[in-house]
Structure formats: structure tokens, C-alpha cells
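>>> Take a look and give me a structure for this.
(one chain, ligands or ions: 3)
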Amino acid sequence: MAYQPSLGTRIQRVIEYHRLRLKFLGERVLGHEYVPLRRRITIEPSGHCNLACKFCGYAKKEQGRVVMPNEDFARYIDQATELGFIDFSLTSSSGEIFFDKGAAWKLDYLDNHPLTGTYQFYTNLILPNQAMIDKIFNLKKLEWMGFSIYGHDLESFSRITAKPEKQYNRLVTNLNRIADNSGSGKDLFEIHLRTDRSFNWHPDDGIDENSSDLVKAMYRAVTEGGVKWCGNWEIYDTWGGLVTPEDVVDLDVELTDGSHQPKVGACILLFDEPMIFADGAVNACACRGIDRSLQIGDLHTSSLKEILSSDNTVFRGIIDRHQKSDYPETCKDCMVYRSVYRKPRGWPFTTIAEFFKKHDERAAGK
Ligand SMILES: C[S@@+](CC[C@H](N)C(=O)[O-])C[C@H]1O[C@@H](n2cnc3c(N)ncnc32)[C@H](O)[C@@H]1O
Ligand code: SF4
Ligand code: SF4
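Ligands and ions are numbered 1, 2, ... in the order given. Sure, this is the predicted structure:
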């Protein structure tokens, strides 16, 4: 059975829930809104994936199992940069960037575009070949790459991803290829482990002859390749109810219904980072929404400028629903939700009204 939190943990979460909820409600009463003013957009190169992780919505996704054509990608990048977006995420909402045979072309397009700043993405690191790994080390604008590593040995890899040894071996090979580039992964790559809670290993613990090939490869990537170790992720959301407790019954992870997270008003992700799905649909947020309940337009019929404008009643409708705490299904259990009434650290912010004013100014080229 999947992990269940202890009574003590549950009590602590209830206390923290009410503390934060009161804080956000207080900010709301004072009329304070903290909408981020970053300039990043996610473009999903591939809606297909090579794995079928049991806690991921991918296996149950009904739309968008396509790869984005290169010419569409170029058109979307051009439109986004014209609107003032300078930073890009290529993390598929539920898919894998290197499933796309045009990934190298797309990376070159971004890297050589005169108006792009930086880009970053998560990958499961299984599909790139040696040539692609070499290429990654030579990209100029790649700011960050997160390796989502599923499992800690062959048994756990196969149990979590529902895939056989061949893909496990490719993952081990690729981590070793990264490690071979001595120290150059520093400040560029991170390992984000996703395995059973009971696996408590840290690179400082070292390895021995009983360590799995995957642990040995991760150890080399960290100690020789300079890859940052970001530990194991233990709590997963249900992708708006798509993932059920039965799906993760043989994983030692916690599946949350999101009820321990206070939701007050709109989520900042609605403003922070829109996403273009591989099929050209535009999603209000870069996080969830594979049920398309956050879709605000389609780039085959409208421009990005029109879709993101304050005149888009579908977009405004989603924000209004959030402000009334009437959240779409996909947002209800989402762990990434951040209230607009939570004062952020480290980036500039504004109000919702100002946000749209600024967007419209940018769209008008001001
Ligand atoms: C959906 S994946 C897409 C990119 C790529 N395929 C990968 O696995 O890195 C993006 C990230 O979401 C994480 N993820 C998947 N399902 C999740 C869930 N139910 N709760 C929290 N994170 C999840 C993955 O582990 C991964 O790090
Ligand atoms: S978590 Fe990533 S690798 Fe796993 S099925 Fe989802 S999209 Fe694919
Ligand atoms: S709650 Fe989650 S899915 Fe909904 S807008 Fe926020 S980050 Fe996106």
C-alpha cells in the first residue's frame, strides 16, 4: 500500500494549513496581490513519452500525444519573443523532450535565436545518444537541466516506470556519459530522484560492491560530473484525479489530494508561465491541465498575442473562477498552486490589473 502520513505529520500539516490560510486571507483583506512579473513560457516539444510512470498523468492522457513540428516550434518561439518572453522551459507537461527526433533542431533554433535569453527543462535522460549528450555540453543558452531519475535499481525502475531493463541500462549509460565530462555539469545539471521513500541513500554515503548500477552511476555523476544532488521527491498529486491510489499501490510514495495546501484566490502560475502543448493548444499554466480544463486558446486559429490578452474571456474566466475559489478539477489537488496573496521572495511582482496592463503594453510593442 502507498505511504500514509502519521497522525503527528497530519496534525502538523493542519496547523500549517490554517497559519498560511489566515495569512493569505489577511493579505486579501488588505488588497495586496503578488503577481509575478517574470518572462518565461513553456513550450512542450513532445506530448509522447518513453516511460509510463505510475504517478504521472501521462498514461491516462487522452489528447496531445503528438510531437510538435519544427516549423510550429519556430513560429511559436518567434511569437513569444515578439511578446517579450525571453526565457523558455521545454519541460513537457507529460511527455519527454528527447522522444522528439527534432529535439536537436529545436535546441539549435532556441540557442541561435537573437531574442531568446535562456532555456531549461526536465528530462528522464534515457533517450539521448552520445551525440546529443555532446551537443548539450555545447549549448550556449541552456541554463539548467533537471534529470528525473525513476527508481534506484532495476527492480524499482521497472516497478515505477512500467518499463523493462533496456531503458534502465540506457539511463545508467547516460549518467556515466555525463560523469565522463569531468565537473562540467556544475551549475547546469541536477538529479531529482523519484523513488520509494524507504530509499535513504545520499552521495555522501558513498558506494560499495552491493550498490546498484544506477546508484553507482548517480554517484559518479555527482562526484565526478559535478551534477547537483536534489534528493528524493516523496509526495505526488493526482493530476486532477487521473492518478488513483490503486495506480500507486505498489510504490512507497504519498499521493496527496491537495487538502493540506491552503488555496486562497488565484494561483500565480496562471500569470507566471503559460504553456504551449505539442499540438498547439495554449494552457493557462505550465504545470497541469492535460484534461484541457485550463486551455485558453489554440495557436492554429489565433495568435499568442490574442490568446494571452486581457480581452480573452476564456482566460479571464479561469482567473475569475480561481479568485472565487471555484477551482477547475485539475487545480484542486495541485501541489504547485501558489496563492497570489503569498508574498514571493526574489522576483518582482504586481497586481492582477497591472499584470494585464503590462501584458497589453508589451503586446503593443511598448
Ligand atoms: C511530467 S514530467 C515531464 C518531463 C520528463 N518526462 C520527466 O519525467 O522529467 C515533469 C516532472 O513532473 C514530475 N511528476 C510526475 N508526476 C508527478 C506527480 N503526480 N506529482 C508531482 N510531480 C510529478 C516528474 O517526476 C518530473 O520531474
Ligand atoms: S513523469 Fe515524465 S517520464 Fe514519467 S511518464 Fe510522466 S512524462 Fe514520462
Ligand atoms: S493550481 Fe496547479 S494547475 Fe492550477 S493554475 Fe496553479 S499550478 Fe496550474
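
>>> okay, CA-based contacts and neighbour counts for the rest of this
Noted.

>>> Contact residues of the stretch 201-350 of the chain facing ligand 1?
236-239 (Cα under 6 Å from any ligand atom).

>>> Out of these, who's the most crowded?
Trp239 (26 neighbours; other Cα atoms under 10 Å).

>>> So whichever residue of the stretch 201-350 of the chain sits closest to ligand 1: helix, strand or coil?
Closest residue of the stretch 201-350 of the chain to ligand 1, Cα to the nearest ligand atom: Tyr236 (3.4 Å). The three-state assignment at Tyr236 reads strand, by DSSP: H, G, I helix; E, B strand; the rest coil.

>>> do Gly231 as well
Strictly by three-state DSSP, Gly231 counts as strand.

>>> That one and Arg39, how far apart?
Taking Cα to Cα, to the nearest Å as the measure, Gly231 falls 28 Å from Arg39.

>>> How about the residues of this structure by ligand 3?
Going by Cα under 6 Å from any ligand atom, the residues of the chain near ligand 3 are 267, 269-270, 285, 287-289, 330-331, 334, 336-337.

>>> Buried ones among these?
267, 269-270, 285, 287-289, 330-331, 334, 337 (16 or more other Cα atoms under 10 Å).

>>> Give the phi and psi angles for the closest residue to Val66 other than its chain neighbours, as a check.
Nearest residue to Val66 in three dimensions, chain neighbours excluded: Gly47, at 5.1 Å (Cα to Cα, 6 or more residues apart in numbering). Backbone geometry at Gly47, expressed as degrees, to the nearest 10, gives phi -90, psi 0.

>>> And Thr256, by the same measure?
phi -100, psi 150.

>>> hang on, it packs against Tyr236?
Yes - counting by Cα atoms under 8 Å, Thr256 touches Tyr236, with 6.0 Å between them.

>>> Ala131 and ligand 3, how far apart?
As defined by Cα to the nearest ligand atom, to the nearest Å, Ala131 lies at a distance of 35 Å from ligand 3.

>>> burial measure for that residue, as a count.
Neighbour tally, Ala131, other Cα under 10 Å: 9.

>>> For the helix or strand harbouring Leu22, which outside residues touch it?
Per DSSP states H and E: Leu22 is located in helix 7-29. Residues from elsewhere that reach helix 7-29, judged by Cα atoms under 8 Å, 6 or more residues apart in numbering: 33, 260-264, 339, 341-342.

>>> Kindly report the same for stretch 120-129.
88-92, 96-99, 142-150, 167-168, 170-171, 174-175.

>>> Sort out which residues of that stretch are buried, please.
120-128.

>>> ok so, going back, what bridges to the residue of the stretch 201-350 of the chain closest to ligand 1?
Per DSSP bridges, the residues bridged to Tyr236 are Leu255.

>>> just the CA coordinates of the longest strand along the chain, formatted as PDB?
Counting residues, the longest strand in the chain under DSSP state E turns out to be strand 142-150. In PDB, the C-alpha atoms belonging to strand 142-150 read as follows (Å, rounded to 0.1, in the frame of the first residue of the first chain):
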ATOM      1  CA  LEU A 142      21.000  26.200 -21.800                       C
ATOM      2  CA  GLU A 143      20.600  27.500 -18.200                       C
ATOM      3  CA  TRP A 144      19.600  24.300 -16.400                       C
ATOM      4  CA  MET A 145      18.600  20.700 -17.000                       C
ATOM      5  CA  GLY A 146      16.900  18.500 -14.300                       C
ATOM      6  CA  PHE A 147      17.300  14.800 -14.500                       C
ATOM      7  CA  SER A 148      14.200  13.000 -13.200                       C
ATOM      8  CA  ILE A 149      15.600   9.600 -12.100                       C
ATOM      9  CA  TYR A 150      13.000   7.000 -11.600                       C
END
